[in-house]
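In: sequence and predicted structure below; questions after.
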Amino acid sequence: MSESVVKPLVLGIDFGTSNSAAALMDADGTLQVIPLDGARSEMPTALFFSMETHSVLYGSAAMQAYLSGTEGRLLRSLKSLLGSGLMDEYTAVGDRSIRFFDIVVLFFKELKRRCEAHVGQPLTHAVLGRPVHFVDDNAERDLLAQETLGRAALEAGFTHISYQLEPIAAALDYEQRVTQETTSLVVDIGGGTSDFTVIRLNPVRSKLGDRSADILATTGVHIGGTDFDRLLDLSTVMPLLGYRHIGTGGRPVPNGVFFDLSTWHLIHQSYTRKAMHFAKELWTDYTDQSLHARLMHALEEQHGHRMLSQVEAAKIACSISGESSQVDLAFLDPDLAPTIDAIGMEQALHQSLAQVVECAQGCVAAAGLTAVDVVYLTGGSSALRPLIETLRQAMPQATLVEGNRFGGVAAGLAVAGGVL
Ligand SMILES: Nc1ncnc2c1ncn2[C@@H]1O[C@H](COP(=O)(O)OP(=O)(O)OP(=O)(O)O)[C@@H](O)[C@H]1O
Ligand SMILES: [Mg+2]
């Protein structure tokens with residue numbers, strides 16, 4: 001008597017720096033991107049520990065609670081901490097302290113719970129996406145980051161996990177829609193990293209399990225939208241708090257506090273007692289005390305994420321419209337109205353964008369090619385106008401295809417899971 005073996009559903013999980021998404025292949029082979037956050041497939045990778053209700057909120061609810069002024073602690077960009085020593089450190093959330101690693105586990109548990117509620121059955125198998133490099137130029141820490149990600153998924157209740165590179169997942173998703181063989185450069189520019197693969201896509205070979213012969217090269221660099229936010233925060237908002245302010249003795253104010261305040265995953269460091277004390281003492285370095293008073297106000301009210309969120313919103317608005325966009329800092333000072341415009345954005349991001357495009361060109365060269373047929377763009381930051389322009393100039397022969405910006409990696413991970 002033959003026993004029928006039921007193949008487990010394999011969840012593709014894209015744990016992103018800014019947004020996470022999940023997808024799976026149904027038993028009948030249909031791809032399902034799971035609505036993780038209301039009707040949306042992408043869920044901000046954010047947690048909010050509310051001091052008012054003593055509860056933990058996730059995704060857009062976490063962002064809303066923080067931005068509407070609920071008392072509590074917001075955590076974002078946790079992926080940037082994978083592979084760093086901070087993962088094992090404890091951080092204060094309200095009246096308790098919790099390990100960063102356990103915060104990642106909480107997020108995975110919630111993601112698993114939402115997926116299971118949607119499909120109506122337990123999910124135990126997962127393919128986890130990973131960037132080409134979690135950490136640039138440090139193989140040991142890079143491996144640690146992947147291992148930590150896997151451990152978090154296991155601790156959240158998955159029993160079987162495997163990994164796939166995010167750009168390859170993005171390519172497998174795109175391949176579902178190609179009708180003839182094309183050599184493509186798949187570009188995934190997210191919140192934390194920019195990842196590339198040159199791959200031969202083919203509607204027939206898409207059914208094969210092992211595609212290694214078609215993957216001609218992969219490259220990646222640890223630059224993404226959160227870095228663009230930092231650079232724009234440093235060029236537009238932080239000078240209003242004293243960054244680059246030439247103070248007493250003709251020297252600029254020490255800049256560490258401004259870097260922490262404008263880096264999503266380090267903001268919390270600027271609120272520690274030691275950092276606050278240090279910032280307070282900086283008054284002797286300022287000639288304009290109103291700037292120092294504004295810095296202290298921002299720190300005391302813990303406005304770091306709020307300022308950076310407004311910078312991010314203005315970045316996106318300027319990127320979409322090409323027009324100047326205001327960074328709303330009314331909560332800090334109603335008289336302040338800095339703006340981000342196309343020229344300022346290009347200047348602030350010029351160097352980083354050049355590095356990203358260099359990495360893209362490096363991928364084509366590593367594939368042994370001088371050009372590709374198609375450049376396929378995915379990831380939220382691939383919509384950034386100056387980036388698209390720089391890429392277009394660097395690869396004039398290729399057709400630029402703007403793809404599924406947010407759910408693509410998860411969908412491709414589910415495709416990978418489906419052929420496991
Ligand atoms: N229209 C837009 N123009 C420019 N940037 C945008 C736009 N929309 C979203 N972004 C940026 O895209 C980033 C998020 O993209 P995405 O969700 O693909 O990243 P992620 O998958 O979380 O990150 P990673 O893959 O690097 O871990 C954010 O930095 C966001 O500010
Ligand atoms: Mg991503």
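Out: Right, received. Where do you want to start? Ligands and ions are numbered 1, 2, ... in the order given.

In: most proximal residue of the stretch 251-400 of the chain with respect to ligand 1?
Out: Using CB to the nearest ligand atom, residue 380 is the residue of the stretch 251-400 of the chain that sits closest to ligand 1, at 2.3 Å. Every residue, glycine included, has its C-beta placed from N, CA and C.

In: average model confidence for stretch 124-131?
Out: Averaged over stretch 124-131, pLDDT sits at 97.

In: one more: stretch 273-281?
Out: On average, stretch 273-281 scores 96.

In: residues contacting the closest residue to ligand 2 within the stretch 101-250 of the chain?
Out: In the stretch 101-250 of the chain, the residue found nearest to ligand 2 is residue 190; the distance is 3.3 Å by CB to the ion. By CB atoms under 8 Å, 6 or more residues apart in numbering, the contact list for residue 190 reads 16, 17, 18, 131, 166, 224, 225, 379, 380, 381.

In: re earlier: isn't the residue of the stretch 251-400 of the chain closest to ligand 1 right next to residue 226, touching?
Out: No - Residue 380 lies out of contact with residue 226 (CB atoms under 8 Å); the separation is 10.5 Å.

In: can you list the residues of the stretch 151-300 of the chain near ligand 1?
Out: Proximity of the stretch 151-300 of the chain to ligand 1 is confined to 166, 190, 191, 192, 193, 224, 225, 226 under the rule CB under 6 Å from any ligand atom.

In: what do residue 380 and residue 226 both touch?
Out: Taking CB under 8 Å, 6+ apart as the contact rule, residue 380 and residue 226 both touch 18, 191.

In: so for those two, which residue has more residues nearby?
Out: residue 226 (25 against 20; other CB atoms under 10 Å).

In: just say helix, strand or coil for the nearest residue to residue 370 once chain neighbours are set aside.
Out: In space, and not counting its chain neighbours, residue 370 is closest to residue 364: 7.3 Å by CB to CB, 6 or more residues apart in numbering. Classification of residue 364 by DSSP: H, G, I helix; E, B strand; the rest coil places it in helix.

In: how much space separates residue 364 from residue 188?
Out: Between residue 364 and residue 188 the computed distance is 15 Å (CB to CB, to the nearest Å).

In: so which of these two has more stuff around it?
Out: The neighbour comparison of residue 364 against residue 188 (other CB under 10 Å) goes to residue 188, with 35 against 23.

In: who does the more buried one bridge with?
Out: Going by DSSP bridges, residue 188 is paired in beta bridges with residue 195, residue 378.

In: next: residue 98.
Out: Where residue 98 sits in a bridge, its partners, by DSSP bridges, are residue 91.

In: residues near residue 66, how many?
Out: Residue 66 has 25 neighbours, counted by other CB under 10 Å.

In: now swap in residue 24 and tell me
Out: 29.

In: closest approach to ligand 1 from the stretch 51-200 of the chain, which residue is it?
Out: Counting by CB to the nearest ligand atom, the stretch 51-200 of the chain gets nearest to ligand 1 through residue 190 (2.5 Å).

In: what are the phi and psi values at that residue?
Out: The phi/psi pair for residue 190 (degrees, to the nearest 10) reads phi -110, psi -150.

In: how far away is it from residue 216?
Out: Applying CB to CB to residue 190 and residue 216 gives a distance of 22 Å.

In: contact partners for residue 49?
Out: Contacts for residue 49 were tallied using CB under 8 Å, 6+ apart; they are 56, 72, 73, 75, 93, 94.

In: enumerate every residue touching residue 403.
Out: Going by CB under 8 Å, 6+ apart, the list of residues near residue 403 reads 170, 173, 174, 376, 377, 378.

In: so what pLDDT did the fifth one get?
Out: Pointing back at residue 377 there. The pLDDT attached to residue 377 in the predicted structure is 96.

In: surely it meets residue 402?
Out: Yes - judged on CB under 8 Å, residue 377 makes contact with residue 402 at a distance of 5.1 Å.

In: so which bits of the helix or strand bottoming out on mean pLDDT in the chain are buried?
Out: In the chain, no helix or strand scores lower on mean pLDDT, DSSP states H and E than strand 90-93, which sits at a mean of 90. Across strand 90-93, burial judged by 16 or more other CB atoms under 10 Å covers 91, 93.

In: from the chain's centre, how far out does it sit?
Out: Mean-position distance between strand 90-93 and its chain equals 22 Å (CA atoms, centre = their mean, to the nearest Å).

In: what's it packed up against?
Out: Where contact means 3 or more CB pairs under 8 Å, 6 or more residues apart in numbering; DSSP states H and E, strand 90-93 is packed against strand 72-76, strand 96-99, helix 100-119.

In: for the stretch 301-420 of the chain, which spans come out with low pLDDT?
Out: For the stretch 301-420 of the chain, the stretches with pLDDT under 70 are 420.

In: if we can go back for a sec, more neighbours: residue 377 and residue 402, which one.
Out: Taking neighbours as other CB under 10 Å, residue 377 and residue 402 compare with residue 377 leading, 25 against 12.
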